[in-house]
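Trainee: Coordinates for the following, if possible.
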Amino acid sequence: MSNSFNNIFKIPDRGLVAQRLTKAFFLRNFSLTSAEKKLLNNAIESMEILAQVNLEKSNIPAVLTETDSYENILIITCTVTNNQITKHADNCIQFIQKYIAHQVVLIIENGNDFVINVAEKRINQVDKNKLVVQQYFTTSPISKLYKNEQTEAFFKALDFNTLDKTNLETTCKSYIQAVVQYQVAISTGSFNKRSQKRTEEDMANLLVIENIETEITSLKSQLSKEKQLNIKVALNIAIQKKRQDIQRIKKQLSTS
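Mentor: Numbers count the residues shown, from 1 in each chain. Okay, here's the model as predicted:
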């Protein structure tokens, strides 16, 4: 399937790598935890470096400062066992982004679905050869079987020809913006390209929604166990208020 992903990314032929990323690479080069070894051996079927975007292959200038390194962007695919993408995607993302010391656009796929992840990474101030993840940006599962308006617009935003290629930092942030706006589109029903500043605001709002949804889940759990009518009423009111908060934030997300 990895070759077909370039129908979305449209990386020029010069940047295509199609290099297998072996499990032995991780086992040989890193001190993996027992949980990481289990993930690698039981959940991950295969990994591949689909493409590489850098100065040599794409003629896009690198950016290197005391805190930031944008010298290579790797597009990597990771195939997990069928029907297990929801179960394993987050752990696979954390594992691969942790150990690959480059900026990575990561696709986690199984037979029917995939997610796309980009992580904001900074230089580790203790070990300058490492990058540390500051924040993850991940889509909800996307079907391989059909597309809608939101996914069509998302794929156009990922097209290499539409990225901001001023330098590798702006290129990487173009991928982040696309992922964030796809998640906004899931909430609002409309995909819109935004400025970097607006994307940061949208990221903050999406995080607030996620936190409120966690609070709603907790309140529902309390409600299911509660016996006293007055407390059940109070919990229901609190849940409704939080749902209204989510709708208010979604309205903010949908404004231009």
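Trainee: quick one, strands of the protein?
Mentor: Here the chain has its strands, by DSSP state E, at 16-20, 44-54, 63-64, 69-70, 72-80, 103-109, 113-123, 131-138, 142-143.
Trainee: Which one, of those, ends up nearest to residue 208?
Mentor: Closest approach to residue 208 among the strands of the chain (C-beta to C-beta): strand 131-138, 14.5 Å. Bear in mind the C-beta positions are built from the backbone N, C-alpha and C, glycine included.
Trainee: How about the contacts made by residue 82?
Mentor: By C-beta atoms under 8 Å, 6 or more residues apart in numbering, the contact set of residue 82 is 110, 111, 112.
Trainee: got the domain boundaries for the chain?
Mentor: The chain is divided into the following domains under automatic domain parsing: 2-192, 200-254.
Trainee: Tell me what angle the helix of greatest length in the chain forms with strand 131-138.
Mentor: Looking across the chain with DSSP state H, the single longest helix is helix 196-225. Angle of helix 196-225 versus strand 131-138, following axes from the mean of the first three to the mean of the last three C-alpha atoms, to 10 degrees, is 70 degrees.
Trainee: roughly how far is helix 196-225 from the heart of the chain?
Mentor: Using C-alpha atoms, centre = their mean, to the nearest Å, the mean C-alpha position of helix 196-225 is found 17 Å from that of the whole chain.
Trainee: Any buried residues in that helix, and which?
Mentor: 198, 199, 202, 203, 205, 206, 209, 212, 216, 219, 223 (16 or more other C-beta atoms under 10 Å).
Trainee: now the second one: how far from residue 178?
Mentor: What that stands for is residue 199. Residue 199 sits 9 Å away from residue 178, going by C-beta to C-beta, to the nearest Å.
Trainee: what about the closest residue in space to residue 64 that isn't next to it in sequence, neighbour count?
Mentor: Spatially, and ignoring its direct neighbours in sequence, residue 64 is nearest to residue 71 (6.2 Å; C-beta to C-beta, 6 or more residues apart in numbering). By other C-beta atoms under 10 Å, 14 other residues sit near residue 71.
Trainee: just the one 3 residues further on next, same as before
Mentor: By other C-beta under 10 Å, 20 other residues sit near residue 74.
Trainee: pretty sure residue 26 contacts residue 39?
Mentor: No: under the criterion of C-beta atoms under 8 Å, residue 26 makes no contact with residue 39, lying 10.0 Å away.
Trainee: what sits against residue 166?
Mentor: residue 61.
Trainee: can you pull the pLDDT of it?
Mentor: Looking at residue 166, its pLDDT stands at 97.
Trainee: again with residue 1
Mentor: So residue 1 comes in at 44 (pLDDT).
Trainee: Please apply the same query to residue 256.
Mentor: 65.
Trainee: Also residue 125?
Mentor: pLDDT, residue 125: 88.
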